[in-house]
Every structure is written in structure tokens, then in C-alpha cells.
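Novice: coords below, sequence missing:
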């Protein structure tokens, strides 16, 4: 099973100055910054996925800047991602059409032929056919019954695009087309998968999994796998349940893509820092929030409204950071570090909470998480490059370069976790060689 990271130019400045919160002098974004597969000696994933919706164009607003998008189209995906080096040129590059970006449209903005051209020009190794997302999931629906609204129309559009896409990509050398599966129930998704297999696809991309709970994902995958040949490969698009991947190895999944390990570093309320668990799962720590007093909106709004003096916030911020670094160096006690962090947190939470009860609850929970993170000091026992170089800075929730470094650490821990799971997982099926991914 391959873990494919869905990238959105997620980079860090390798020379960032944590003490002064400054970038490397002369830094040029993108050019000076590095991807996780450049930062680590061993890439923390098995390949990268780039969505056309992330790149963007005149029809869909992406996350790439105009300059980034122009370079991507000029040099191709591999050179843009800097995966054209001898050590990385073997890694696969997947692509999809970014269906989330046009979910409100009646029909997708791209034709099968346009997506085939996008993949060919970009030098992708794998690419999904043009799908139209169906968010509903009704396990009780039988066969192709139970569709509501425009769901059946989206189902038919996805299959028609897949048939056209298969024809349009036959001439692309070294490219594996992936048929996108959409449906409103296990039965409808299984029917779509079977239709794609009959068209000639040997690699299917299962869509619509993002909003589903684990039991629903099981229902969908079980129904799909039962209707397919053992050799037909499965990829899960946007797998939001990445930490639960051990539950799904029985379905013969060949690959899945996710951003979860990196983005939970700064988008999750509690599970920010990954560590290996004692069982099949992972364990997590909460990062210690030390917001920048002159930039955090909660604090700057309070200053502007006269509820907080800027110099008071800045002094508390400096004390908290100093205490954390001295604790890490063994020059201060755990209690002192917790006390200084909570001194700053009292100011911050007082500006954020609307009632005394909510303030008391926030401070109680924050102190418990800070104490656990500092007591266990997980960064001290982690051997990854992030923790070796950044030390305690990796667990401080503050600015993009710390937060994304923590995300890089999470990718490293997660990729090792997946490899260990797969080493232990029983081999439940055999498959044909990869040259038979599509029938010609």
C-alpha cells in the first residue's frame, strides 16, 4: 500500500531563526524553501498527488500563485516538485481533477481530453478521470435505486467521462489511467466500480470518502471489492481517516492520498504532534500555543479595543518562550515553564473567552495539555531531523515554519507507522503485474 501525500506547495525554510522569528536572510519563497521529500533523507511518503484544483486556472481559483501555476505548466510536475533528482525520480506522481473546487457546478469544467492533456503535459505517472462528487451516502439503497436530486446525473457524468478519458490517455507513454468511482450507496459505488473495470480500467480511485465515518467506509469498500477482480487495484481519494488505515487493509487497497498528518499539526485542536502508539494506532500530543502578540488577531483586537496593553502581552510572550527554551536546556523546572506559559495563556484566553465559566474551562484544559507535553518531552526521544534540529520549537504552536515543521515530523512518524502496519498485515490477495493496469 502506498501513502501518497496530496501537496499544496507545503514547504519550510530550513534556516529559519526561531529565536528571532526570522526567515533566512535573502530567502526566496519556493526556491529557498524545501519540501518534506527534500528535507528528510528518506521521503516520508511513497508519492505525491497534485490536484488540478490546487494548481488552478482561468476557470477555477487554485492555491498556486500565478507564477507558481505558470512554472508548473512550463516545467511539469516532477521538476516543479523537485522530484527529478536521481533519488526521487522513481516516485510516482498522481493527479486528480479537483472535484471539490467545482462541486456546485452542474457539470465539471474540464473534459476528459483536457485532463488527459494536463496529465501528459505535466508528466504525471497516474491520473484520475473527471468525476463529479456525490456527498450523500445511504447504505440502505439497493442497486441503482435511491438517488436523489442530481445524484444519478453526476453518477452518469462520472462514468461517461471515465470512458472518454480511457480513450484519450491510451497514447500517453508511461501513464496509468485511474477510473473515478462516485455513488450514493455501497451498491451504486460497487456498480460504478464494476462498470469501470468492464471498460478496461485496472486501477480505480474511490471518491466521496471524505465525509464518511469509518463504518460507512467499510460498507463502501466491502461492496466494491466484492464486485471486482482480485487484480483490480484501489486508491482512496482524500482519505480523511489516515490514522485508521490499519482497519482497511483487508480490502486490498493499493494506495491512498491524504494531507491529514501535516495539517493536523496546526488545524487540530489537540492532536498536533504524532508519536508511535503502543498498539496499531498512533498517540498524540497537543502543541503549546504561544501566539505572536503583535500579529495574533485575538490579541491585536483586544489591544485596539483597550482591553489589553500591548507591552503587557509582549512581556508575557517573551517570558513564556524563554521559560520553554530554558526548560528544554535543563536550566529551569517543569513548574516554572508551566507557570510562565499559563501566565501568557491567561491573557490570551481572557481576550478570547466570553464567560468566566468558559475561561476557567479553557485554562484548566490548556494547563493539563501543556503539563503532559512538557512532562513527556516527546521531541527528546524522536530521532527525526525535525526534532533533532528544532528541539522544543517543534511543539510550539506559533508561525508557519514551526507548525509545518511539526507537520513534517508527523509525516515522518505516520509513514513509518504505515510501513510497520504493512509489514505485519497478512497478504490477502495476489495481483497481476502493473503493466496490466489497463487493458489495451
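Specialist: Arrived safely. These numbers come from a predicted model, not from an experiment.

Novice: Packing partners of the longest helix along the chain?
Specialist: In the chain, with assignment by DSSP state H, the single longest helix is helix 399-424. If you count contacts as 3 or more C-beta pairs under 8 Å, 6 or more residues apart in numbering; DSSP states H and E, helix 399-424 packs onto strand 2-6, strand 11-12, helix 36-39, helix 260-267, strand 273-276, strand 282-285, helix 385-390. The way it works is simple: take the backbone N, C-alpha and C, and place the C-beta from them, glycine included.

Novice: among those, which is nearest residue 318?
Specialist: Closest approach to residue 318 among the helices and strands packed on helix 399-424 (C-beta to C-beta): helix 385-390, 19.2 Å.

Novice: residues touching residue 288, list them.
Specialist: 324, 341, 369-370, 373-374, 395-397 (C-beta atoms under 8 Å, 6 or more residues apart in numbering).

Novice: Among those, name the buried ones.
Specialist: Buried by 16 or more other C-beta atoms under 10 Å: 324, 341, 369-370, 373-374, 395-397, out of those.

Novice: Among these, which ones are in strands?
Specialist: Secondary structure from DSSP state E places 396-397 of the buried ones among the contacts of residue 288 in strands.

Novice: In the stretch 301-440 of the chain, mark out all the helices, start to finish.
Specialist: Using DSSP state H, counting those that start in this stretch, the helices of the stretch 301-440 of the chain run over 310-328, 334-352, 356-376, 385-390, 399-424.

Novice: Out of these, which is the most enclosed?
Specialist: Burial of the helices of the stretch 301-440 of the chain is given as mean neighbour count (mean count of other C-beta atoms under 10 Å); helix 399-424 ranks first at a mean of 21.

Novice: quick check, nearest of the buried ones among the contacts of residue 288 to residue 97?
Specialist: Among the buried ones among the contacts of residue 288, and counting by C-beta to C-beta, the member closest to residue 97 is residue 397, at 34.0 Å.

Novice: Would you confirm that the closest one contacts residue 267?
Specialist: No - contact between residue 397 and residue 267 fails when scored by C-beta atoms under 8 Å: they sit 10.9 Å apart.

Novice: For the closest residue to residue 45 other than its chain neighbours, list each beta-bridge partner.
Specialist: Of all residues not flanking residue 45 in the chain, residue 5 sits nearest, at 4.0 Å (C-beta to C-beta, 6 or more residues apart in numbering). Residues in a beta bridge with residue 5, per DSSP bridges, are residue 48, residue 258.

Novice: contacting residues around residue 5?
Specialist: Shown in contact with residue 5 (C-beta under 8 Å, 6+ apart): 36, 44-45, 47-49, 257-259, 262, 411.

Novice: Now with 10 Å, please.
Specialist: Applying C-beta atoms under 10 Å, 6 or more residues apart in numbering to residue 5 gives the contacts 35-37, 43-49, 94, 257-262, 411, 414-415.

Novice: Please apply the same query to residue 161.
Specialist: So residue 161 contacts 97, 107-108, 110-112, 115, 129-132, 168, 179-180 (C-beta under 10 Å, 6+ apart).

Novice: where in this protein is pLDDT low?
Specialist: For the chain, the stretches with pLDDT under 70 are 425-440.

Novice: Outline the domain layout of it.
Specialist: Following automatic domain parsing, the chain resolves into domains at 2-258, 284-404.

Novice: just the ones you listed: most buried one?
Specialist: domain 2-258 (a mean of 19).

Novice: Tell me how far that domain lies from the chain's centre.
Specialist: Its chain's C-alpha centre and that of domain 2-258 lie 12 Å apart, by C-alpha atoms, centre = their mean, to the nearest Å.

Novice: Pull up the distance across it, start to finish.
Specialist: Start-to-end span of domain 2-258 (C-alpha to C-alpha, to the nearest Å) is 11 Å.
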